[in-house]
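*Asks:* Next input, structure requested:
(chains A, B and C, ligands or ions: 2)
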Amino acid sequence: MFERNVMNLRLAQGLVLGVTLGLAVGVGAYTFVYARGYSYMTDNAEACVNCHIMQEQYSGWLKSSHRAVAVCNDCHTPPDLIGKYTTKAQNGFWHSYYFTTGWFDDNIQITPRGREVTEKACRNCHQEIVEAIEGPHAGASEWQTSCLRCHNSVGHLH
Amino acid sequence: FQRKQEERNPFFRVVELTDDTVDPAIWGKNFPLQYDDYLKTTDQVRTRYGGSEAEPRTPTQADPRSIVAQSRLEEDPRLKLMWAGYAFAKDFREERGHAYMLEDQMFTERQQVTQQPGTCINCHASVYVAYKQLGGGDIVKGFEQLNRTPYFEARKFVTHPVACIDCHDSQTMQLRVTRPAFMEGIRAFKASQGIQNYDVNKQATRQEMRAFVCGQCHDEYHFSGPEKRLVYPWAKGLQVENILAFYDEQKFKDWEHAETGAPVLKAQHPEFEMWNQGIHARSGVACADCHMPYKREGALKVSDHHVRSPLLNINRACQTCHRWSEDELKSRVETIQRRTYDLRNLAMDALIDLINDIKAAKGAGRTDTGVRTAQDFQRRAQFYLDFIESENSNGFHAPQEAARILGESINFSRKGQVALRGGV
Amino acid sequence: FQRKQEERNPFFRVVELTDDTVDPAIWGKNFPLQYDDYLKTTDQVRTRYGGSEAEPRTPTQADPRSIVAQSRLEEDPRLKLMWAGYAFAKDFREERGHAYMLEDQMFTERQQVTQQPGTCINCHASVYVAYKQLGGGDIVKGFEQLNRTPYFEARKFVTHPVACIDCHDSQTMQLRVTRPAFMEGIRAFKASQGIQNYDVNKQATRQEMRAFVCGQCHDEYHFSGPEKRLVYPWAKGLQVENILAFYDEQKFKDWEHAETGAPVLKAQHPEFEMWNQGIHARSGVACADCHMPYKREGALKVSDHHVRSPLLNINRACQTCHRWSEDELKSRVETIQRRTYDLRNLAMDALIDLINDIKAAKGAGRTDTGVRTAQDFQRRAQFYLDFIESENSNGFHAPQEAARILGESINFSRKGQVALRGGV
Ligand SMILES: [Ca+2]
Ligand SMILES: [Ca+2]
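*Replies:* Ligands and ions are numbered 1, 2, ... in the order given. Model prediction:
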């Protein structure tokens, strides 16, 4: 996650990153409270829209087939408790950090790690139905069926 | 907390705008974000096939510009032969940002070789208010009057390149079409589709308007009759064959080719027509979606008024809809453009061969039907080729259609060569 | 209760499958859902440009089939002249479902005009086990042996059309490539991309396999040398020019054209090659995604083994990725296909003109370089045209590339005509 975000930064930002990181903890912490970053710790979708940045996905989610059956965290945080809270902490911290600095693309893209979390989430709920198509080596990622390849809009129509 | 503020309060009206406020700087007081971006159209950055290159030059009396865009004629001298006898053979450059439209039109050497009518100004300046004043409130009257005025006189009636008022209603900021030529053109086109008396400003959807405001200028055109009326040739449809059929019916020609005597046509920037043939138009994706994508300004989403190549702005222009990396999207576009460009070169060679053949035949004193048939093929081949050559996306707006048109152009050129030679 | 069964154990194994189990009915005991769909490939439904039409005929001694697919030669007689002197001019039909592959191959009249080698069977039957047995465990040996055997003798070694074992590992059900010709072809191609000793069954990703299993047969091929080895011409790349260059280097020709004496080539079903040039391949969309989309069966999702035109199954084949109505998606495909088909017709006319010209020139006793140049142009024009003519998506797999190839074909044909005539 960290790596990818660094990659994301435009060059100039890359240069100052070292300096700002220290700062960031402070800033991040500030926003964490200000933007109700702690909302990460709850499970209702509204929590995520404390950031207008998440509005697009939120309204997309309201139109999605999963509105009634899955909230943000169901798809964007691992099921197991530790994984769940570390991911939330990470999202929480980084999102707060980027939100405050404003250093992120206008069109946010899910990170590779975020993708994995979500792919797992699909299987978490749809284990049975996809049992047949998962195939023998479903463990190894290049052998996994990517649900997102075909269903990337189930969570929010974009 | 800045951010939370913005959310609630997008912009403050500091000045009153009227339907006569031309100066964008004044509009800019109410809409600083859009104005700041609008000013950036002076930037010149090159992409593989688009953007533009800033070429320094020493200003002269006749042409005070110290920077121009690269010459397309130098990039490909074959263009000079294709346009032999027409002003374009003298000077033709890569187009650049909106900020330059007025000066580039004034100072192109094309102005020196012919007397241009005021009609030209329709697409190179903020003419809406000028139309109104000249027409005593009736823009169509003003339009007709300006068309009849010689260019340099007409030039005196305008001050700015395309400005806010050319696309926006000053009170509601809603998009609107201000160009009679487009109103008439789109009405004629809709009629060909069975929809009578189409009124674009009343009947177009908001999403359509996001393309129509651009269609006011980015399309094929010609000057009709002695009154030099600006007409978009859409009465039979928007495809290249419909347009050629329209010109044939009118027996219209732009000029007589200097080397072959063929009655030829000059196609010009049919972005609107080609976009219409593509998958994006079909999917409801408008010019503004890619060339003026929304950008985040704090908590606001505004349209990026720095109108430019989307390849200089891929994340905003494309990644809303396409979840591929910027590099991948760039190379998808370039793959399409390279295919188009390679085929365009084959079509250009074919046309040059035909032109040289006709020239040789005439040189040998031939005047037979073979020659006349060949000239007719040249007219078609050249129009089809120029339709893609002058379309500025290099095929991207409608990849398969662009290749199809070039394929037909090749067919016309080569058949012309065969016709000149007669049977085996 | 039934459902619960499935849920807990999708592969309810009732029989043991081995690497020698050819009969799909036996596999069907373990995988009834896939087997039932597999059997449906006997259906014949026509789409605008694809599918197939069930044409009744009175069975004869020589050909016991009571139903065949429509004749393409009758649909377009120009094909007979293009293939003059080759078996295809005798009989060429629209392809239909997998269930028919073996009988259609046996009974095509093409078999009556020439002695075909066993090589043919590679793509028309379940040959994997036969290869193993003939090669004493080594499929490559078996492959070579079968290639050398005359068709009707070789035919005795096989019983079924393509079957489960040709695409699946009997123990894991994992996809795998069983055709030496593909293993060698893809290795040669990868080498041209700088990847040495590529082993498809070890190195391909699962998603790639969803296209490679089809690529075992749906590609351009030729029989190399006296040993009639099946070779996919990919050593220089997958694009039409790479393939032609490969044949030119080998001085390979399929036959000498009966009317012109040109050393010509027959292109055949390059679906794999064309798909590779398209936006879907580039986006990681495999053949199986569209031709074997997932379908819901009870509480399970399975791959639809009724391999057919996606236009007969738009909801599953397209709509998970494209949220347009079925009608809209269908007409998008048909728009692409019509453009391709119209240009294909222009290219066909151009080729026919060239053939008639060469014929006339030779009739007049000419043997000059003009004629030889024209014959060479015919070889190129014909291969390019046939590459699209024989590609079964009618341009859909790679719309712009298909148009580009047809444009070049037109150029070759017409240049051939010019060459025959010499200077103006
Ligand atoms: Ca430009
Ligand atoms: Ca078929």
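*Asks:* For ligand 2, what's the nearest residue on the stretch 251-400 of chain B?
*Replies:* Ligand 2 sits closest to residue B:400 of the stretch 251-400 of chain B, with a gap of 21.8 Å, by Cβ to the ion. (Glycine included, C-beta is placed from N, CA and C.)
*Asks:* Now that residue: closest residue in space that isn't a chain neighbour?
*Replies:* Distance criterion Cβ to Cβ, 6 or more residues apart in numbering or on different chains; nearest residue to residue B:400, sequence neighbours excluded, is residue C:399 at 4.1 Å.
*Asks:* Surely the one you found touches residue C:339?
*Replies:* Yes - contact status for residue C:399 versus residue C:339: in contact at 7.4 Å, counting by Cβ atoms under 8 Å.
*Asks:* about what we covered before: where does the residue of the stretch 251-400 of chain B closest to ligand 2 land in three-state SS?
*Replies:* helix (DSSP: H, G, I helix; E, B strand; the rest coil).
*Asks:* Can you name the residues of the stretch 301-424 of chain B sitting close to chain A?
*Replies:* B:315-316, B:319-320, B:323 (Cβ under 8 Å from any Cβ of the partner chain).
*Asks:* same thing but 10 Å
*Replies:* Taking Cβ under 10 Å from any Cβ of the partner chain as the contact definition, the stretch 301-424 of chain B meets chain A at B:301, B:304, B:313-326.
*Asks:* Residue C:399 and residue C:339: which has the busier surroundings?
*Replies:* Neighbour totals were compared for residue C:399 and residue C:339, and residue C:399 leads with 27 against 23 (other Cβ atoms under 10 Å in any protein chain shown).
*Asks:* so how far is residue C:72 from that one?
*Replies:* 22 Å (Cβ to Cβ, to the nearest Å).
*Asks:* what's the answer for residue B:394, then?
*Replies:* Distance, residue B:394 to residue C:72, by Cβ to Cβ: 36 Å.
*Asks:* Counting neighbours around each, name which of those two comes out higher.
*Replies:* residue B:394 (23 against 16).
*Asks:* can you pull the contacts of residue B:282?
*Replies:* When contacts are counted by Cβ atoms under 10 Å, 6 or more residues apart in numbering or on different chains, residue B:282 touches B:275-276, B:398, C:324, C:328, C:331-332, C:335.
*Asks:* Please flag which of those sit within helices.
*Replies:* Applying DSSP state H to these, the entries found in helices are B:275-276, C:328, C:331-332, C:335.
*Asks:* Spell out which residues sit in contact with residue B:330, please.
*Replies:* B:47-48, B:310-311, B:314, B:318, B:324.
*Asks:* Enumerate the residues of chain A near chain B.
*Replies:* For chain A, the residues in contact with chain B (Cβ under 10 Å from any Cβ) are A:31, A:34-35, A:51-53, A:55-56, A:99-100, A:102, A:104-110, A:148, A:152, A:158.
*Asks:* Of these, keep whichever come out buried.
*Replies:* A:31, A:34-35, A:51-53, A:56, A:99-100, A:104, A:106-109, A:148, A:152 (16 or more other Cβ atoms under 10 Å in any protein chain shown).
*Asks:* What's the end-to-end length of stretch B:146-165?
*Replies:* Using Cα to Cα, to the nearest Å, one end of stretch B:146-165 lies 18 Å from the other.
*Asks:* Need the contacts of residue B:282 in a markdown table (columns: distance to residue B:183).
*Replies:* Below are the contacts of residue B:282 laid out as a markdown table (distance: Cβ to Cβ, whole Å):
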| residue | distance to residue B:183 |
| --- | --- |
| B:275 | 19 |
| B:276 | 17 |
| B:398 | 24 |
| C:324 | 31 |
| C:328 | 29 |
| C:331 | 30 |
| C:332 | 30 |
| C:335 | 28 |
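*Asks:* and the least confident of those residues?
*Replies:* Ranked by pLDDT, the contacts of residue B:282 bottom out at residue C:324, which has 95.
*Asks:* any idea how far ligand 1 is from that residue?
*Replies:* Look at residue C:324 and ligand 1: by Cβ to the ion, to the nearest Å, they are 32 Å apart.
*Asks:* does that residue really touch residue C:315, like I thought?
*Replies:* No - here residue C:324 lies out of contact with residue C:315, judged by Cβ atoms under 10 Å, at a distance of 11.3 Å.
*Asks:* These two: who's more crowded?
*Replies:* Using other Cβ under 10 Å as the criterion, residue C:324 and residue C:315 rank with residue C:324 on top: 15 against 11.
*Asks:* which residues touch the closest residue in space to that one that isn't next to it in sequence?
*Replies:* Leaving aside its sequence neighbours, residue C:324 sits nearest to residue C:332 (Cβ to Cβ, 6+ apart; 7.4 Å). Residue C:332 sits next to B:279, B:282-283, C:318, C:322, C:324, C:396 when contact means Cβ under 10 Å, 6+ apart.
*Asks:* What are the boundaries of the helices in the stretch 251-400 of chain B?
*Replies:* For the stretch 251-400 of chain B, applying DSSP state H, counting those that start in this stretch gives helices covering B:271-277, B:279-282, B:287-291, B:314-317, B:326-363, B:369-389, B:399-421.
*Asks:* still on that earlier bit, and the pLDDT for the residue of the stretch 251-400 of chain B closest to ligand 2?
*Replies:* As predicted, residue B:400 sits at a pLDDT of 98.
*Asks:* Against residue A:80, how distant is residue B:298?
*Replies:* For residue B:298, the distance to residue A:80 equals 37 Å [Cβ to Cβ].
*Asks:* quick one, which of the two is more surrounded?
*Replies:* A side-by-side neighbour count of residue B:298 and residue A:80, using other Cβ under 10 Å, places residue B:298 first with 16 against 11.
*Asks:* ok, residue B:219 to ligand 1 distance?
*Replies:* Shown here: residue B:219 relative to ligand 1, a distance of 16 Å by Cβ to the ion.
*Asks:* Within its local environment, how many residues does the spatially closest residue to residue B:262 that is not a sequence neighbour see?
*Replies:* Residue nearest to residue B:262 in three dimensions, not counting chain neighbours: residue B:375, with 3.9 Å by Cβ to Cβ, 6+ apart. For residue B:375, the count of nearby residues is 22 (other Cβ under 10 Å).
*Asks:* thought residue B:375 was touching residue B:257?
*Replies:* Yes - if you go by Cβ under 10 Å, residue B:375 and residue B:257 touch, sitting 8.0 Å apart.
*Asks:* SS state for residue B:112?
*Replies:* helix.
*Asks:* near chain C at all, stretch A:58-70?
*Replies:* No - using Cβ under 10 Å from any Cβ, no contact is recorded between stretch A:58-70 and chain C, whose separation bottoms out at 11.5 Å.
*Asks:* list the contacts for the residue of chain B found nearest chain A?
*Replies:* Relative to chain A, the nearest point of chain B is residue B:319 (4.1 Å; Cβ to the nearest Cβ). Contact analysis of residue B:319 by Cβ under 10 Å, 6+ apart lists A:105-109, B:293, B:325-326, B:329.
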